[in-house]
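S.K.: Sequence first, predicted model second:
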Amino acid sequence: MLSEAKLRQERRRTVAVIMRSVATPAEIDAEGFGLTTLEPAIDAIPVLAAAIEGITDAVRKGETGYRLPTGDVAAWTDKARGLLFRGPQEREAFARRAWQVLAENYSWRRVAEDTVSCYRRAIEKMGRCGPHGAG
């Protein structure tokens with residue numbers, strides 16, 4: 001098991017996180033939202049992810065990573081190679097964009113506010129006494 005300091009050190013050396021998810025008819029929602037695709041952005045690590053399911057909501061091109069077509073080996077190889085050879089300025093620019101996206105859209109405060117707002121709209125739509133108006 002890695003210590004927190006060692007884990008951070010290894011993350012700084014990471015070029016990308018690759019999530020080559022493949023949806024099959026037998027699977028039911030393999031990645032509902034894509035939270036695991038946001039976690040690397042905390043450490044300014046781009047995610048290369050399949051453009052399926054919840055991943056499409058979480059991975060924003062050039063901001064938190066890149067969505068790639070499942071099965072297109074050339075596209076995955078080209079993008080990974082490009083990230084491998086990017087310079088420090090490109091890495092820093094990516095880090096700033098990733099942090100901005102995370103702060104604006106996925107902070108716990110923002111998620112809580114959006115959740116409360118959603119519940120309020122649902123309650124207003126149903127009425128004060130539930131779906132049947134009794135009570």
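M.R.: In hand now; what should we look at?
S.K.: those helices in the protein, which residues are they?
M.R.: Ranges of helices in the chain, per DSSP state H, are 4-13, 35-42, 55-58, 73-84, 88-105, 108-126.
S.K.: Could you give me the buried positions within the fifth one?
M.R.: The neighbour-count check on helix 88-105 (16 or more other Cβ atoms under 10 Å) flags Phe94, Ala95, Arg97, Ala98, Val101, Leu102, Asn105 as buried. For the C-beta atoms, the positions are set from N, CA and C on the backbone; glycine is no exception.
S.K.: Could you do the fourth one as well?
M.R.: For helix 73-84, burial by neighbour count (16+ other Cβ under 10 Å) applies to Trp76, Lys79, Ala80, Leu83.
S.K.: need the contact list for the second one.
M.R.: Neighbour list for Lys79: Leu48, Tyr66, Leu68 [criterion: Cβ atoms under 8 Å, 6 or more residues apart in numbering].
S.K.: cool, the last one as well?
M.R.: Leu83 is in contact with Val15, Ala16, Pro46, Leu48, counting by Cβ under 8 Å, 6+ apart.
S.K.: Could I have the buried ones of the residues you listed as ChimeraX selection syntax?
M.R.: Of the contacts of Leu83, the buried ones go into a single ChimeraX selection, burial set by 16+ other Cβ under 10 Å:
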select :16,46,48
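S.K.: For this protein, which residues score under the pLDDT cut-off?
M.R.: Of all residues in the chain, those with pLDDT under 70 make up the ranges 22-34, 128-135.
S.K.: try 80
M.R.: Residue ranges of the chain with pLDDT under 80: 20-35, 52-57, 127-135.
S.K.: quick one: Ser107 and Asp43, what's the gap?
M.R.: Computed as Cβ to Cβ, to the nearest Å, the Ser107 to Asp43 distance reads 16 Å.
S.K.: and if you look at Thr56?
M.R.: Separation of Thr56 from Asp43 (Cβ to Cβ): 22 Å.
S.K.: Could you do Glu104 as well?
M.R.: Distance from Glu104 to Asp43, by Cβ to Cβ: 18 Å.
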